[in-house]
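Novice: next come a sequence and a model predicted from it.
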Amino acid sequence: MADEENKNSGTVPEEDRFTYVKEDVTNEKALEKAKADYSGSDIQVLEGLEAVRKRPGMYIATTAAPGLHHLVWEIVDNAIDEALAGYCKNIEVTISPDNSITVKDDGRGVPVDTVAKSGLSGVETVFTILHAGGKFGGDGGYKVSGGLHGVGASVVNALSEWLDVTVCRDGGKFFLRFENGGHPVGHLKRIGDSNETGTTVSFKPDPTIFTETQVYNYDTIRNHMRQMAFLNGGITITLTDLRGEEPVKESFRYDGGIREYVSYIDSNKVPMNPTPIYCQGAEEVTLLDGTKERIYAEVALQWTDSYDQNGIYSFCNNISTKEGGTHVEGLNLALNRIINDYARKFKFLKDDDKNFSTDDCREGLTAVISVKHPNPQYEGQTKTKLGNSEVRKIVSTVVADGLSQWLLENPNEAKTIISKVQLASKAREAAKNAREKTRKSAMELTTLPGKLADCSSKDPAICELYIVEGNSAGGSAKNGRDRETQAILPLRGKILNVEKAREDRIWANAEIGNMITAIGAGVRESFDISKIRYNKIVIMTDADVDGDHIRILLLTFFYRFMRPLLDNGHVYIAQPPLYKIDYKGSPYYAYNDAQLEVLKKQLNLKAGYPFQRYKGLGEMDASQLWETTMDPKARKMIRITVDDAAQAEKAFTELMGDDVAPRRDYIAQNAKFVKNLDI
Ligand code: 0RA
């Protein structure tokens, strides 16, 4: 993809620019309808919320754990909008012992006066009318947060068992409670005086909607709050968890914003420019209705000793645009043009040398792009690709200006960076040869590895590949499996750490070659997810320190070489049992210490009743392995997904890099790897 980008670096066609239909943020019809129906009853208003309760999936995509967390993001987004409008500095998020959430901000406070169009108080309007959170009566500042999860405070209310709002403004303290999916208990009441301003929202997700889980994951919330604090520099976000014996409290504030984000992602790498390069700009656009809004773009760049070309983290309105889009294209254009210009001017490239490719320019680059747009258009399979074409030009101009100036002002660092790009270009040529060889042996040749016990079905949708630690466990797995759908690939010992190995050693490694051939979809840029031979790739290692290590090595390999496998949720971790109790001729299994205790109680066992602690998969015979770990009807597996790419990058470099301490700590704590990946 690299070189083509250079050809069409022209300007954006005039007709593509600034022709948005303004989004109906105030939802005039809903407001007027609400008013019309308000005389006497609020039934119509509640019908709107009832629609949300009937089909929550239309508003929050899922009622599983991610949907539960979206409720928090939504309320925090409102507070962040208040901060971006310049009125709020502090946001406090608290998880209470009953898994209710409180979000307190020191913004202007939700308006308390009656809203003409609805006849309701501002508070009741914002929390009961779909999409009314926008700017009725407010001055400028479009709702920046949201987009994918910008569903409105009323949706959170609709999906809550109860929701309390306290507002301080205009010298007073006001309160309104909602129950059973958004039914107001009376109307907004002044409950006292206050010389502060701000809004506090507490809510408890409705367990009849969130049936799968009502338990908040601290790491998930912490990672999101940290990300919000990075993307909105200067705001203080405090997170408190009151569910444990001792409260846990963390505070996030990054005055450097995305510059600090880049440094954070790179904290385990060696930077070429220790202070990230920062480029920023805004452009005013006129919407169809004649109002003017601004598009903001900011980019922070740091080159490191890493060999990765995928260190670009892009956001629009505080939402991660995982599939990239026009802002990333703008960055690519500017990088390619400015670096090649500089390299020619200062004779890194001779007259008849070919230009560096965009991939060369991106090797070792970590970049965070953050765009704020009044009317974002999202495209792509998962609607996480920014489509607004005018953004391409804005970002490329901002980066071209900022980067060319920085290169001229920092000649020493510039030289280091261009030399790195030059090396990348040469290494790419050399690696191409090594890779071609491997392609022939591992990809183009269709001979499957001898160690693979393949399944008989050729339908990838129902096929599973078990990658198993050790030959003896591999033997049990081969004998115990469902031969039609389950393939077994035993691994001998530890696989290569791809984070530390030179590229030619990676291509020469037999275990890695076996995995590439077995999965059958290539690697890196040429990885083709439509070619995978198995829908599920299951990592099955011992429940010990070595098993943990092998699991990380395998995940690192998939992350660097077959990233779409993780992005599309094809990778799983098998969960073998830790304990077995033989009781009255039958085996009973426990997968952790807590389960073991429960089991002992259930079976009414006397203290000292013997049980087996599995030291490895190899101690299980074929039928035991099937029953406990491989039978789709009985097994438990953990699906690995990468929700937060920046956090995952940091976790991988931390676990696999030069510094052994984090890895040792990790292995010592024996924490679940998935924690770091934020499933
Ligand atoms: C509508 C209008 C204004 C502010 C807000 C809503 C607002 C909503 C939330 C939700 C959580 N915290 C919030 N803070 C403010 C503008 C108010 C004005 O013009 O004074």
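Specialist: Structure received.
Novice: burial measure for the residue nearest to Tyr342 when sequence neighbours are not counted, as a count.
Specialist: Excluding the flanking residues, the one nearest Tyr342 by Cβ to Cβ, 6 or more residues apart in numbering is Leu407, at 5.2 Å. To be clear about C-beta, it is placed using only N, CA and C from the backbone, and glycine gets the same treatment. By other Cβ atoms under 10 Å, the residues close to Leu407 number 21.
Novice: give me the contact list for the strand or helix carrying Leu407.
Specialist: If you go by DSSP states H and E, Leu407 is part of helix 390-409. Residues outside helix 390-409 that contact it (Cβ atoms under 8 Å, 6 or more residues apart in numbering): 9, 11-12, 16-18, 277-281, 283, 285, 295, 297-299, 301, 325-327, 329-331, 333-335, 337-339, 341-342, 369, 371, 373, 414.
Novice: sort out for me which of those residues are in strands.
Specialist: 277-281, 283, 285, 295, 297-299, 301, 369, 371 (DSSP state E).
Novice: lowest-confidence one in those residues?
Specialist: pLDDT across the ones in strands among the contacts of helix 390-409 is at its lowest for Val285, which sits at 84.
Novice: double-check that one against Arg294; I have them as touching.
Specialist: Yes: contact criterion Cβ atoms under 8 Å: Val285 and Arg294 qualify, at 7.4 Å.
Novice: pLDDT of the helix ranked longest in the chain, averaged?
Specialist: The residue-count maximum for a helix in the chain (DSSP state H) belongs to helix 411-438. Helix 411-438 shows a mean pLDDT of 86.
Novice: what is that helix packed up against?
Specialist: Helix 411-438 sits against strand 292-303, helix 326-345, helix 358-362, helix 390-409, helix 503-508, with contacts defined as 3 or more Cβ pairs under 8 Å, 6 or more residues apart in numbering; DSSP states H and E.
Novice: which residues sit against whatever helix or strand comes next after that helix?
Specialist: Counting by DSSP H and E, the next helix or strand C-terminal to helix 411-438 is strand 464-469. The contact list for strand 464-469 (Cβ under 8 Å, 6+ apart) reads 455, 474, 477, 481, 485-491, 515, 518-519, 533-542, 546-547, 550, 554, 574, 617, 630.
Novice: circling back: what residues sit buried inside the longest helix of the chain?
Specialist: Using 16 or more other Cβ atoms under 10 Å as the test for burial, helix 411-438 gives 413-414, 417-418, 420-422, 424-425, 428, 431, 434-435, 438.
Novice: swap in stretch 81-95?
Specialist: Neighbour-count burial for stretch 81-95 [16+ other Cβ under 10 Å]: 81-85, 87-88, 90-95.
Novice: JSON lines for those residues, including distance to Asp164 and secondary structure?
Specialist: Putting these into JSON lines (distance: Cβ to Cβ, whole Å; DSSP: H, G, I helix; E, B strand; the rest coil) gives the following:
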{"residue": "Asp81", "distance to Asp164": "20", "secondary structure": "helix"}
{"residue": "Glu82", "distance to Asp164": "18", "secondary structure": "helix"}
{"residue": "Ala83", "distance to Asp164": "22", "secondary structure": "helix"}
{"residue": "Leu84", "distance to Asp164": "25", "secondary structure": "helix"}
{"residue": "Ala85", "distance to Asp164": "24", "secondary structure": "coil"}
{"residue": "Tyr87", "distance to Asp164": "22", "secondary structure": "coil"}
{"residue": "Cys88", "distance to Asp164": "19", "secondary structure": "coil"}
{"residue": "Asn90", "distance to Asp164": "19", "secondary structure": "strand"}
{"residue": "Ile91", "distance to Asp164": "17", "secondary structure": "strand"}
{"residue": "Glu92", "distance to Asp164": "15", "secondary structure": "strand"}
{"residue": "Val93", "distance to Asp164": "15", "secondary structure": "strand"}
{"residue": "Thr94", "distance to Asp164": "13", "secondary structure": "strand"}
{"residue": "Ile95", "distance to Asp164": "16", "secondary structure": "strand"}
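Novice: tabulate the residues you listed (a markdown table), appending pLDDT and distance to the ligand.
Specialist: Formatted as a markdown table, the buried residues of stretch 81-95 follow (pLDDT from 0 to 100; distance: Cβ to the nearest ligand atom, whole Å):
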| residue | pLDDT | distance to the ligand |
| --- | --- | --- |
| Asp81 | 91 | 7 |
| Glu82 | 92 | 4 |
| Ala83 | 94 | 9 |
| Leu84 | 91 | 11 |
| Ala85 | 89 | 8 |
| Tyr87 | 94 | 8 |
| Cys88 | 95 | 7 |
| Asn90 | 98 | 12 |
| Ile91 | 98 | 9 |
| Glu92 | 98 | 12 |
| Val93 | 98 | 12 |
| Thr94 | 98 | 15 |
| Ile95 | 98 | 18 |
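Novice: which two among the residues you listed are spaced furthest apart?
Specialist: Ala85 and Ile95 (26.7 Å; Cβ to Cβ).
Novice: what about the strands in the stretch 101-250 of the chain?
Specialist: 101-105, 160-169, 172-179, 183-193, 198-205, 236-241, 248-252 (DSSP state E, counting those that start in this stretch).
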